[in-house]
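K.L.:
here is a sequence together with a model predicted from it:
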Amino acid sequence: MIQVTLKGGVIKEFEAGVTAADVAKSLGAGLYKAACAAKVNGVTVDLRTPLQEDCELAILTFDDADGKKTFWHTASHILAQAVMRLYPQTKFTIGPAVDNGFYYDFDVEKPFTQEDLEKIEKEMAAIVKSGIEIERFVLDVPAAKELMKNQPYKLELIEKHASEGGPISFYKQGDFTDLCAGPHLMSVAPVKAVKLIQCTGAYWHGDSSLPMLCRVYGTAFPKASELQGYLDMMEEAKKRDHRKLGRELDLFDIYEEGPGFPFFFPKGMVLRNTLESFWRELHKAHGYEEIRTPLILSEELWHRSGHWDHYKDNMYTTKIDEKDYAIKPMNCPGGMLVYKRKLHSYRDLPERMAELGIVHRHELSGALHGLMRVRCFTQDDAHIFMTPDQTEEEVLGVIHLIDSIYKVFGFEYFLELSTRPEDSMGTGEQWEMATNALRNALEKNGKPYTINEGDGAFYGPKIDFHLRDSIGRTWQCGTIQLDFQMPERFDLTYTGSDGEKHRPVMIHRTAFGSIERFIGILTEHYAGAFPLWLAPVQIKVLPITDDHIAFAEQVMEQLKGAGLRVEMDSRNEKVGYRVREAQLQKIPYMLVIGDKEVEADSVAVRSRRDGDQGVMKVNDFMAMAVKEVADKVK
């Protein structure tokens, strides 16, 4: 018998060899029906996996992130099966789960059309209706090559597996078999609602010297109502697309002359500078000192930091005076040099240094997406140097700081603890110490969090903040990374109370993540209708006729004197037209001025959000607006 520890610490005994699916069935028919995969000792596995020894087991459903991935991975195989039935000469490659769905890459004579996608979708529905069970089996390399002898891309992958050793796993569903590590659902039946979204081009291995493939994107859900909800959200997301709104509101854009390098226009700079001012005020209040480090530093520095070994493919390099330099992809090494410029005592710590640092990273052109994925951006970095016994308190302090920032924008968020990746620096003992420090801080913080095994930074574990926007999408922004490695590599020290040299512990952290990306997220979150304190133009003054311009100018100067951002629209157009124009530009307040308003030293107030607010004295409106800005009303 083996002991299986379930959710909530419940322990049950089973015969050795029991599968995760059998355990799910024993816990209830509902759970078994909803089960997509399992986690055994923190590792996501197939439900078919036999349990041979005592372990911790979690049954994953579509509500779990890894359950969704398994569901969508199975959907990608259903897509490939449908394509091979309809277009049997196709060469198929790979089909992973991705954010919000899946894709599969195919080598076909001509890309699929929208009509083709509709046919494929119907065939997928027929496959799902058949309820075919999915079987897993393994083969040695010769047998695997024989099975896939007509599929050149699969043969290439088998060769790669052969160099790594071990048997090769396959999944079979009826007339379709694919080389795959899994995990997969037990059958195709749960994939009840499928939608193929689009078809694009993609190079094999992302290499432009290799064949261009046809990539089909799709999504799938257990229920038709869930799929419809997702499609409705996607329609709303199109209206909120920050690239479209950035151009319409004259905030920012990206030109062909600089792919991945954003341009910010005057109004976009007002928005950006307002965000940065808010960031500076908050960090000053929390005991941070601001620094600035160079954009270009010697290649040797990046070898010393470890970035060269783990990140060089994403770095831009140059030669200066016949020496090798790199444009910084991260701010950390510069922060190390700033700390190292002088001697430190334990009494000086913690030392909190913040930087709005511009970084450059080489991203593939196919991955670029507006402000969300760029090649040049500004990280709102901070590095905290501390004694080991200060670690927990400092991590908690950062959690509370980031929480206070997100509350201002009305963001809900969830927390994720990411542990040691395969490609990492340092000893197991250091990683365990660092991971436990973050876990203890999260426990004291009291908010729920999930574990993301193996997704830490190469130098340490991390806590990630995933924001949920106004239409339910999630974005990873803030992060807290604990680092024992860089202080070692840069030989950072402080003098302890014992008079001896000690190694500080270090935190890397961001709140916005990237200023540019955060602005993109905010633009979509608010659909371009920024709250008053952030709006590039806060108030539009609208004199009805030329006779009212003089008073309108007085009002405008008065409001500007109070620190408000005001413009006047005195064009020879009907006032209703100008109000609509201001609404389209998403101006928070419009002040209409006619004869009555001039006589009464007042303005007719119209709110973008609440409509007609009636007539108010200029001073009363000004006081209301100034308070709304100061309170950062959402």
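P.N.:
Received, thanks.

K.L.:
what is the helix or strand of the chain with the lowest mean pLDDT packed up against?
P.N.:
Sorting the helices and strands of the chain by mean pLDDT, DSSP states H and E puts helix 307-311 at the bottom, at a mean of 83. Counting contacts by 3 or more C-beta pairs under 8 Å, 6 or more residues apart in numbering; DSSP states H and E, helix 307-311 packs against helix 299-305. All C-beta atoms are positioned from the backbone trio N, CA, C, and that covers glycine.

K.L.:
spit out the contact partners of the most centrally placed residue in the chain.
P.N.:
Closest to where the C-alpha atoms of the chain average out (C-alpha atoms, centre = their mean) is Gln476, at 3.2 Å. Contact analysis of Gln476 by C-beta atoms under 8 Å, 6 or more residues apart in numbering lists Asp464, Phe465, His466, Leu467, Gly513.

K.L.:
wait, what's in contact with Ala354?
P.N.:
The contact partners of Ala354, taken as C-beta under 8 Å, 6+ apart, are His283, Tyr288, Glu289, Glu290, Ile291, Asp380, Asp381, Ala382.

K.L.:
look at Asp483 and report its pLDDT.
P.N.:
pLDDT, Asp483: 87.

K.L.:
ok, it - contacts?
P.N.:
Ala434, Ala457, Tyr459, Gly460, Val505, Met506, Ile507, His508.

K.L.:
report pLDDT for Gln430.
P.N.:
With respect to pLDDT, Gln430 has a value of 83.

K.L.:
okay, now it: neighbour count?
P.N.:
When neighbours are counted by other C-beta atoms under 10 Å, Gln430 registers 19.

K.L.:
got it, and the one 5 residues further on?
P.N.:
Thr435 has 20 neighbours, counted by other C-beta under 10 Å.

K.L.:
again, but for the one 4 residues further on
P.N.:
Counted with other C-beta under 10 Å, the burial measure for Arg439 works out to 16 neighbours.

K.L.:
element containing it?
P.N.:
helix 428-445 (DSSP states H and E).

K.L.:
ok, now Met506?
P.N.:
Assigned by DSSP H and E, Met506 belongs to strand 505-510.

K.L.:
got the CA coordinates for that strand in PDB?
P.N.:
C-alpha atoms of strand 505-510 as PDB (Å, rounded to 0.1, in the frame of the first residue of the first chain):
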ATOM      1  CA  VAL A 505      21.300  39.300   0.200                       C
ATOM      2  CA  MET A 506      19.700  41.000  -2.800                       C
ATOM      3  CA  ILE A 507      16.200  41.600  -4.100                       C
ATOM      4  CA  HIS A 508      15.500  42.500  -7.700                       C
ATOM      5  CA  ARG A 509      11.900  43.900  -8.200                       C
ATOM      6  CA  THR A 510       9.600  45.800 -10.500                       C
END
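
K.L.:
Pro142 and Gly166, how far apart?
P.N.:
Remark: distance between Pro142 and Gly166 (C-beta to C-beta, to the nearest Å) = 14 Å.

K.L.:
quick one, phi psi at the residue nearest to the centre of the chain?
P.N.:
The phi/psi pair for Gln476 (degrees, to the nearest 10) reads phi -90, psi 120.

K.L.:
who's it bridged to?
P.N.:
His466 (DSSP bridges).

K.L.:
and the gap between it and Phe71?
P.N.:
The gap separating Gln476 from Phe71 is 21 Å, by C-beta to C-beta.

K.L.:
ok, Leu534 next?
P.N.:
38 Å.

K.L.:
what does Gly472 give?
P.N.:
18 Å.

K.L.:
more neighbours: which of these two?
P.N.:
When Gly472 and Phe71 are compared for neighbours, Phe71 comes out ahead with 25 against 12, by other C-beta under 10 Å.

K.L.:
give the contact list for the more buried one.
P.N.:
Counting by C-beta under 8 Å, 6+ apart, the residues that Phe71 touches are Cys36, Phe62, Ala97, Leu185, Pro190, Val191, Ala220, Pro222.

K.L.:
of those, which is the nearest to Glu115?
P.N.:
Ala220 (20.7 Å; C-beta to C-beta).

K.L.:
name the helix or strand for that closest one, please.
P.N.:
Element membership of Ala220 [criterion: DSSP H and E] is strand 212-221.

K.L.:
cool, Lys119 as well?
P.N.:
Since the elements are taken from DSSP H and E, Lys119 ends up inside helix 114-130.

K.L.:
give me the contacts around the helix or strand that comes right after that helix.
P.N.:
As assigned by DSSP H and E, the chain's next helix or strand after helix 114-130 is strand 135-139. Outside strand 135-139, the residues that touch it by C-beta under 8 Å, 6+ apart are Asp46, Arg48, Leu147, Pro167, Ile168, Ser169, Phe170, Tyr171, Lys172, Gln173, Gly182, His184.

K.L.:
helices - which of these land there?
P.N.:
Counting by DSSP state H, these place Leu147 in helices.

K.L.:
now restrict the contacts of strand 135-139 to buried residues only.
P.N.:
For the contacts of strand 135-139, a neighbour count by 16 or more other C-beta atoms under 10 Å gives the buried set as Asp46, Arg48, Leu147, Ile168, Ser169, Phe170, Tyr171, Lys172, Gln173, Gly182, His184.

K.L.:
what pairs with the strand holding Met506, parallel or antiparallel?
P.N.:
Assessed with DSSP bridges, strand 505-510 is paired to strand 376-386 (antiparallel), strand 474-483 (antiparallel).

K.L.:
how far off helix 428-445 does it point, in degrees?
P.N.:
Interaxial angle of strand 505-510 relative to helix 428-445 (axes from the mean of the first three to the mean of the last three C-alpha atoms, to 10 degrees): 60 degrees.

K.L.:
now do the buried residues in stretch 227-236.
P.N.:
Neighbour counts over stretch 227-236 (16+ other C-beta under 10 Å) mark Leu227, Tyr230 as buried.

K.L.:
avg pLDDT for that stretch?
P.N.:
92.

K.L.:
now do stretch 261-276
P.N.:
What stretch 261-276 shows for mean pLDDT is 98.

K.L.:
hang on, the earlier thing: between the helix holding Lys119 and strand 212-221, how many degrees?
P.N.:
50 degrees.

K.L.:
what's in contact with helix 114-130?
P.N.:
Surrounding helix 114-130, the residues in contact under the criterion C-beta under 8 Å, 6+ apart are 75, 78-79, 81-83, 85-86, 112, 173-174, 188-189, 191-192, 194-196, 199, 216.

K.L.:
just checking: what are the partner strands of the strand holding Ala220?
P.N.:
The pairing partners recorded for strand 212-221 under DSSP bridges are strand 101-107 (antiparallel), strand 193-203 (antiparallel).

K.L.:
and among those, the most buried is which?
P.N.:
Ranked by mean neighbour count under mean count of other C-beta atoms under 10 Å, the strands paired with strand 212-221 are led by strand 101-107, which reaches a mean of 23.

K.L.:
buried ones among the contacts of helix 114-130?
P.N.:
75, 78-79, 81-83, 85, 112, 173, 188-189, 191-192, 194-196, 199, 216.

K.L.:
what about the closest residue to Val408 other than its chain neighbours, is that helix, strand or coil?
P.N.:
Nearest residue to Val408 in three dimensions, chain neighbours excluded: Lys632, at 5.2 Å (C-beta to C-beta, 6 or more residues apart in numbering). Three-state call for Lys632 (DSSP: H, G, I helix; E, B strand; the rest coil): coil.
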